[in-house]
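**Student:** A structural model of the following input is requested.
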Amino acid sequence: MKLRDNPLINLLLLIITLITTTFAGVEWTTGKAGPYEFNDLVIGLPYSLSILFVLGVHEFGHYFASLYHKVKATLPFFIPFPPIAGFFNFGTMGAVIKTKSIIPNNKAMFDIGVAGPIAGFVASLILLIYGYTHLPDVSYILAIHPDYFSPGYGKNAIGLEFGNNLLMIIIKNLFANPEQFIPPMSEIYHYPFLCVGWFGLFVTSMNLIPVGQLDGGHVIYSMFGTKVHEAIASVSLIVLLIIGSLGFLGNFLGWNIHFGWSGWLLWAFILYFFIKVKHPPVLYYEKLSTGRMIIGIIAILIFIVSFSPTPFLITFM
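**Tutor:** Modelled structure (predicted):
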């Protein structure tokens, strides 16, 4: 058995990622950077278990779709990311599976590509609904920020706000109790289920960008073919460059722009030079069934409601 085929590697990476996400969960939830005592780590478990749940559901969506089409694939590899002082992170860089045999046709390509984002989206939706229906009372945020309601709160400090998206707005309005304190987007990272639910949507939307061999690229290519995919992928890359440039001008050059995110520039660079804009052809291509086309449209709608052009907004008060 080759080393890379050894499931012990998958298990080891899972355990390490559990540890790194637990540390990240303590930092996000409490706002404290450590060092931590052993008892403090319990605070990070709701976050770490939730993020492993979302990532695992996403990747096993791909995995089981691969099994269905008799495409050989590895078990998920979780990618840990250690906590670094002064650098915010989620404790992980995601998870991946690797297909080890040729995907024979666009039907299999579609099913494998779309299964992960839809599964991950459902997992994120569950966490968001649970998070908004089980909000702690206002004493929770006051234990983290005792001066939260004071006029001077946030003055002369760096502020971080997660970018809103359509689904977050809808879920909050449908499920949150308006008589309770509902955390704004600048505070939801202290609430582990909301934080991970948002992160799951962020990851889902990144994967559904219709470029190259991203999940979104698989979906659009399988639905519409090479020419339509290339056109949509090119436009998508241009949009990423625009909103990435706007974010760069606002964050690093001090322009009064609160739209876009400089990280999209890096993502566009990775897509263009490594993942590539075009989608490689499959051996056999045929028109998808009406059922698959409807699922593809659902995936496109998931991308629309999950995507935030400004996922991270850093302000200097």
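
**Student:** quick one: low-confidence ranges for the stretch 201-317 of the chain?
**Tutor:** The stretch 201-317 of the chain contains residues with pLDDT under 70 at 254, 316-317.

**Student:** Contact partners for residue 71?
**Tutor:** 99, 101-104, 108, 112 (CB atoms under 8 Å, 6 or more residues apart in numbering). Where C-beta positions appear, they are placed from N, C-alpha and C, glycine not excepted.

**Student:** CA-only coordinates of stretch 91-108 in CSV, if you can.
**Tutor:** What follows is stretch 91-108 as a C-alpha-only set of coordinates in CSV (Å, rounded to 0.1, in the frame of the first residue of the first chain):
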residue,chain,number,x,y,z
GLY,A,91,-7.5,26.8,11.9
THR,A,92,-7.7,25.1,8.5
MET,A,93,-7.2,25.6,4.8
GLY,A,94,-10.1,23.3,4.0
ALA,A,95,-10.2,19.7,2.8
VAL,A,96,-9.7,17.9,-0.5
ILE,A,97,-10.2,14.6,-2.1
LYS,A,98,-8.2,13.4,-5.1
THR,A,99,-9.7,11.5,-8.0
LYS,A,100,-7.4,8.6,-9.1
SER,A,101,-9.1,7.5,-12.3
ILE,A,102,-10.5,9.3,-15.4
ILE,A,103,-14.0,10.8,-15.1
PRO,A,104,-15.6,9.3,-18.2
ASN,A,105,-18.3,11.8,-19.1
ASN,A,106,-19.9,15.1,-18.2
LYS,A,107,-22.7,13.4,-16.3
ALA,A,108,-20.3,11.9,-13.9
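
**Student:** Please state the offset of that stretch from the chain centre?
**Tutor:** How far stretch 91-108 lies from its chain's middle: 17 Å, per CA atoms, centre = their mean, to the nearest Å.

**Student:** What is the neighbour count of residue 121?
**Tutor:** Counted with other CB atoms under 10 Å, the neighbours of residue 121 add up to 27.

**Student:** try residue 278
**Tutor:** Per other CB under 10 Å, the neighbour tally for residue 278 reads 15.

**Student:** So how do I select the buried members of the contacts of residue 71 in PyMOL?
**Tutor:** Of these, the buried ones go into a single PyMOL selection, burial set by 16 or more other CB atoms under 10 Å:
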select buried, resi 103+108+112
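
**Student:** In JSON lines, list the contacts of residue 71 along with pLDDT.
**Tutor:** Formatted as JSON lines, the contacts of residue 71 follow (pLDDT from 0 to 100):
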{"residue": "99", "pLDDT": "92"}
{"residue": "101", "pLDDT": "94"}
{"residue": "102", "pLDDT": "94"}
{"residue": "103", "pLDDT": "95"}
{"residue": "104", "pLDDT": "94"}
{"residue": "108", "pLDDT": "97"}
{"residue": "112", "pLDDT": "98"}
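
**Student:** Strands of the stretch 151-300 of the chain, residue ranges please.
**Tutor:** Applying DSSP state E, counting those that start in this stretch to the stretch 151-300 of the chain gives strands spanning 158-162.

**Student:** Which stretches in the stretch 51-200 of the chain count as helices?
**Tutor:** Shown for the stretch 51-200 of the chain, the helices assigned by DSSP state H, counting those that start in this stretch span residues 106-133, 139-144, 166-175, 192-207.
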